[in-house]
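Undergrad: Below: sequence and its predicted model.
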Amino acid sequence: SSRRRHTRYPLVTGVQTCALPILKTLDSKPVINRTLSSLGHELEMDEHSFGWLQDSSAIRNDPAALQQRMDENGYLYIKGFFKSDIILEAREALLKTLEKDGIFEPGAPLMDGILKEGIHPKFSTTAWKNQPTLNRVVFGPEVHKFYSAFLGGTIRHFDYIWLRTMGCGHGTAPHCDIVYMGRGTHRLYTAWIPYGEVPLEVGGLMILEKSHLQADRIRNYLNSDVDTTCTNIPGHDGWKHNGQLTNNPVSLRKKFGGRWLTSVFEPGDLLTFRMDTIHGSIDNTTLRIRLSTDRKSTRLNSSHEWIS
């Protein structure tokens with residue numbers, strides 16, 4: 001149907017852009033003709049500062065090779081991990097749920113996810129609930145089989161799904177996931193899944209190259225627990241420490257070296273990484289919503305206590 005139509009990139013005249021600069025893509029290969037930014041800071045685009053995630057799809061069925069690459073890179077990027085159909089089915093269900101809030105441009109194809117101007121969603125704590133097609137992706141057989149082989153045993157996952165609904169504006173600040181869930185085992189892995197195509201201008205996830213190998217430099221940060229600073233005291237607004245490493249991804253990269261790595265993500269891609277891998281996201285410079293989920297997995301015999 002027309003509502004299931006999913007154009008490669010939204011082309012709705014007059015509503016596809018916002019105030020930030022725009023990039024273009026061609027045949028899924030980045031063609032960077034303007035600036036990329038993260039948290040409003042223009043990213044350096046030279047070969048020593050910016051690059052592309054290494055695709056591990058060729059070794060997806062080789063646990064030993066995957067472990068070695070995870071040790072080396074701190075992440076695994078597997079293009080085409082899922083069949084795109086189940087990703088787009090979950091996208092449609094999510095968009096229909098979000099549509100009830102009146103956030104999308106009237107008349108635009110729903111599957112394009114074109115937001116009204118002035119609407120800037122970032123995170124949803126409820127839209128992922130009662131979503132069978134989403135659960136089919138996040139907790140489905142593909143992910144279960146992969147982590148069981150990768151971790152060498154029966155796995156356990158958190159029941160909560162972290163759903164990002166990123167609109168036009170700043171992306172996610174650089175951080176490591178362990179500060180949000182470090183009370184049990186630290187051998188947890190995040191599975192980041194995009195629901196739809198994410199060209200550069202829509203603001204995909206980016207990883208700081210080999211940052212996990214410099215964990216000792218931020219040991220105090222990695223040992224912190226944001227829940228210990230979460231308050232409900234009158235006059236306080238949530239976290240005193242929100243888990244961010246910095247609000248300047250450019251200066252952070254200069255301190256650590258390496259490159260910010262990303263990709264032009266497509267439906268079916270999977271990106272998984274360690275709890276001490278520094279990551280954030282590019283700013284979304286369009287009115288197209290970026291949908292993605294996080295899932296956390298570990299081995300069954302690991303301590304899985306987590307309080308939030």
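TA: That came in fine, so what should we check first?
Undergrad: Number of residues surrounding Arg69?
TA: Around Arg69 there are 17 other residues, counting by other C-beta atoms under 10 Å. Glycine gets a C-beta too; all of them are placed from N, C-alpha and C.
Undergrad: next one: phi and psi at it?
TA: phi -70, psi -40 (degrees, to the nearest 10).
Undergrad: Would you mind listing the residues in contact with it?
TA: 54, 56, 59, 76 (C-beta atoms under 8 Å, 6 or more residues apart in numbering).
Undergrad: tell me the SS of the last one?
TA: Per DSSP: H, G, I helix; E, B strand; the rest coil, the secondary structure class of Leu76 is strand.
Undergrad: So for the residue lying closest to Ser263 once chain neighbours are set aside, what's the pLDDT?
TA: Nearest non-adjacent residue to Ser263, counting by C-beta to C-beta, 6 or more residues apart in numbering: Leu53, 4.7 Å away. In the prediction, the pLDDT value recorded for Leu53 is 98.
Undergrad: ditto for Asp27
TA: 44.
Undergrad: What of Gly169?
TA: 94.
Undergrad: distance of it from Leu208?
TA: Plainly put, Gly169 is 21 Å away from Leu208 if you go by C-beta to C-beta, to the nearest Å.
Undergrad: If you count contacts, what does the longest helix anywhere in the chain end up packed against?
TA: Counting residues, the longest helix in the chain under DSSP state H turns out to be helix 84-99. In terms of contacts (3 or more C-beta pairs under 8 Å, 6 or more residues apart in numbering; DSSP states H and E), helix 84-99 is packed against helix 132-138, strand 290-299.
Undergrad: show me what contacts Leu53?
TA: Going by C-beta under 8 Å, 6+ apart, the list of residues near Leu53 reads 75, 77, 207, 261-263, 271.
Undergrad: in stretch 36-55, what counts as buried?
TA: 36-39, 41, 43, 49-51, 53 (16 or more other C-beta atoms under 10 Å).
Undergrad: Would you mind checking the contacts of Arg69 for buried ones?
TA: Buried among the contacts of Arg69 (16+ other C-beta under 10 Å): 56, 76.
Undergrad: when you check the contacts of Arg69 against the strands, which ones overlap?
TA: Applying DSSP state E to the contacts of Arg69, the entries found in strands are Leu76.
Undergrad: Is it correct that Phe265 is in contact with Leu200?
TA: No. Here Phe265 does not reach Leu200: they are 9.5 Å apart, not a contact under C-beta atoms under 8 Å.
Undergrad: Which of these two has more residues huddled nearby?
TA: Ranked by neighbour count (other C-beta under 10 Å), Phe265 and Leu200 place Phe265 first, with 27 against 22.
Undergrad: how far away is that one from Asn247?
TA: Distance from Phe265 to Asn247, by C-beta to C-beta: 24 Å.
Undergrad: Same question for Arg259.
TA: 20 Å.
Undergrad: Please apply the same query to Val198.
TA: 23 Å.
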